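>>> Below: sequence and its predicted model.
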Amino acid sequence: MQTTIQQDATHQLPQAVEPRNPGMELDLDWVRAVQANTSAIERRAATLPGRRSVKKEHQAAWLLKAISLIDLTTLAGDDTEGRVKRLCAKAKQPVRAELLEKLEMTGLTTGAVCVYHDMIETAVTALDGTGIPVAAVSTGFPAGLSPFHLRVEEIRQSVAAGAAEIDIVITRRHVLQGNWQALYDEMKAFREACGDAHVKAILATGELGTLRNVYKASLVCMMAGADFIKTSTGKESVNATLPVSLVMIRAIREYYDRTGFRVGYKPAGGISKAKDALVYLALIKDELGDRWLQPDLFRFGASSLLGDIERQLEHHVTGKYSAGYRHAMG
Ligand SMILES: O=C[C@H](O)COP(=O)(O)O
C-alpha cells in the first residue's frame, strides 16, 4: 500500500506549467447566450459528496495531493510578521516529518502562501529558495471599492514587492447591472498591471445574485485574460459552494473547448475539512480531467484546511486522532 501512496503522491507533485490564457475580444453574444438551470445544478451538486468515494488505501495519496494544491492563507486584520513567518514554515513543511516519512513522501509543500499586500515581503523572505510562490490579494480586497487607479497601483506595488500571483476582486456592481464591458475592461487593466504575475479573478459569487451571473462573470473574466477564476474572498456570507463550483468549472470547460486555453480554478472560503477537499478533487477529475489537478490549474484558498488534512493523515498512519490545536496554522 505504501508504494501506491508514494507513486500516486510524488507523481502528483507540481510538474506542468500551462501557457497563460491570453484572453480574447469580449464576445457579448456568447455571454448573453449563457443559461444556467439552477434547480438542475443544485440537484447535481447535492449528489456530489456521495457520488464518488476515494478508496481508503488511496485516501492518504489524495490528501497529500490536496496539500500541494492549497494556497495557504492568512487574511486577517491582526496579521503580524510572526504569524506570516509561522505560516510560511508550515507551507514549507506542511506535515510533520515523521508522518511524511511513514507515507514515503518527500518534497511536499503547499501550492502557495496567500497574504495581504503588507505581508508580501515577510512571506517572500521566509520562502526564499523554496520555489513556493507568494500570492497577494490586491485591488482593495475584499470589497474592491477603492478608487480604480489605486487598485491598479496596488497590483503594481504587490508585484514589485515580490508577489508572483495576484488575487484581484472584481466590482460586483458590474455583474449585477449586466455591465459586461465594464467588467471586461476592469479585468483587462488588472491583468495588464500584473505583468508576468499570474492573476486570479475573485468573483465573490455569494454576492452575484444568480448562477447565471456567475457563469457570465466567469466567461468575461476569462475573455479578459484571467489565469484563474476564484469563487470568493472568504469574507462574503456565502463563500465556495458546490453549485457555484459546478457552474464555474463548466464555464472553464466551455472556454477551453472554444479557445484551447486552460484557465485554473480556485474555490476559496469555508473549505476546512479534508473530506470536503476530496469532493472538490473528485469533481475536478470528473468535469475537467486529471490535467486540472495540478497547482498551475487548481488551488484551494484555505486558512484551516491543512490542519484537518494533517489530522486525517496522522490517523491514517497511527490509527489515532490528535487534538486540533496541535495543527495550528499560524
Ligand atoms: O482565499 C482564501 C480565503 O480567504 C480563505 O478562507 P477561509 O479562511 O474560510 O479558509
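Structure's in. What do you need?
>>> show me what contacts Cys114?
71-75, 134-137, 165, 167, 301 (C-beta atoms under 8 Å, 6 or more residues apart in numbering). The C-beta positions use only the backbone N, C-alpha and C, and glycine is treated the same way.
>>> Of these, just say which sits nearest to the ligand.
The ligand lies nearest to Gly301 out of those, by C-beta to the nearest ligand atom, at 2.9 Å.
>>> Excluding chain neighbours, what is closest to that closest one?
Ala268 (2.6 Å; C-beta to C-beta, 6 or more residues apart in numbering).
>>> Please identify which pair of the contacts of Cys114 lies farthest apart.
The span of the contacts of Cys114, defined through C-beta to C-beta, is set by Thr74 and Glu165 at 15.2 Å.
>>> So for the closest residue to the ligand within the chain, what's the nearest residue that isn't a sequence neighbour?
Nearest to the ligand in the chain, going by C-beta to the nearest ligand atom, is Gly234, at a distance of 2.4 Å. Once flanking residues are discounted, Gly234 sits nearest to Gly269: 3.8 Å by C-beta to C-beta, 6+ apart.
>>> Same check on Val279?
Closest residue in space to Val279, ignoring its immediate chain neighbours: Pro49 at 5.1 Å, by C-beta to C-beta, 6+ apart.
>>> Same question for Ala91.
In space, Ala91 is closest to Thr110, 4.4 Å off (C-beta to C-beta, 6+ apart).
>>> what sits against the one you found?
67-68, 70-72, 90-91, 94, 132, 306.
>>> Just the element for it, please.
Here Thr110 is covered by no helix or strand, with elements defined by DSSP states H and E.
>>> I'd like to know how many residues surround Trp62.
The number of residues packed near Trp62 is 22, by other C-beta atoms under 10 Å.
>>> So it sits against Leu281, correct?
Yes: proximity of Trp62 to Leu281 meets the contact threshold set by C-beta atoms under 8 Å, at 6.2 Å.
>>> residues from this protein in reach of the ligand?
73, 75, 114, 233-234, 268-270, 272, 301-304 (C-beta under 6 Å from any ligand atom).
>>> try it again with 5 Å
Residues of the chain lying close to the ligand by C-beta under 5 Å from any ligand atom are 73, 75, 234, 268-270, 301-303.
>>> Of all pairs in those, which one is the farthest apart?
Farthest pair in the residues of the chain next to the ligand, by C-beta to C-beta: Leu75 and Gly270, 13.2 Å.
>>> okay, and the common contacts of those two?
Gly234.
>>> May I have the beta-bridge partners of the most centrally placed residue in the chain?
The centroid of the chain falls nearest to Lys266 when counting by C-alpha atoms, centre = their mean (2.7 Å). Counting by DSSP bridges, Lys266 is bridged to Lys230.
>>> That one against Ala226, yeah?
No: between Lys266 and Ala226 there is no contact under C-beta under 8 Å: 10.5 Å.
>>> what's the overlap in contacts for the two?
With C-beta under 8 Å, 6+ apart, Lys266 and Ala226 have common neighbours Lys200.
>>> that older thread, neighbour-wise, which of the contacts of Thr110 leads?
Sorting the contacts of Thr110 by how many neighbours each has (other C-beta under 10 Å) puts Leu72 first, at 30 neighbours.
>>> that older thread, quick check: pLDDT value at the residue nearest to the centre of the chain.
With respect to pLDDT, Lys266 scores 98.
>>> For the remainder of this discussion, apply numbering that starts at 56.
Right, with 56 as the first residue, what we last looked at is Lys321.
>>> Quick check: it vs Asn294, distance?
Lys321 is 12 Å from Asn294, where distance means C-beta to C-beta, to the nearest Å.
>>> His371 - that's part of a strand, no?
No: according to DSSP: H, G, I helix; E, B strand; the rest coil, His371 belongs to no strand; its state is helix.
>>> so what's it scoring on pLDDT?
On the pLDDT scale, His371 gets 93.
>>> Now for Leu336, which secondary structure element holds it?
Leu336 belongs to helix 329-342, assigned by DSSP H and E.
>>> Report the buried residues of that helix.
Of the residues in helix 329-342, 329, 331-339 count as buried by neighbour count, 16 or more other C-beta atoms under 10 Å.
>>> mind listing the helices for the stretch 206-355 of the chain?
227-231, 235-249, 266-278, 297-314, 329-342 (DSSP state H, counting those that start in this stretch).
>>> Redo the ones you listed as JSON lines? Include mean pLDDT.
Listed next are the helices of the stretch 206-355 of the chain as JSON lines, based on pLDDT from 0 to 100:
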{"stretch": "helix 227-231", "mean pLDDT": "98"}
{"stretch": "helix 235-249", "mean pLDDT": "98"}
{"stretch": "helix 266-278", "mean pLDDT": "98"}
{"stretch": "helix 297-314", "mean pLDDT": "98"}
{"stretch": "helix 329-342", "mean pLDDT": "96"}
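>>> before we move on, the earlier item: closest one to Ile210 out of the residues of the chain next to the ligand, please.
Nearest member of those to Ile210, counting by C-beta to C-beta, is Leu130, at 16.4 Å.
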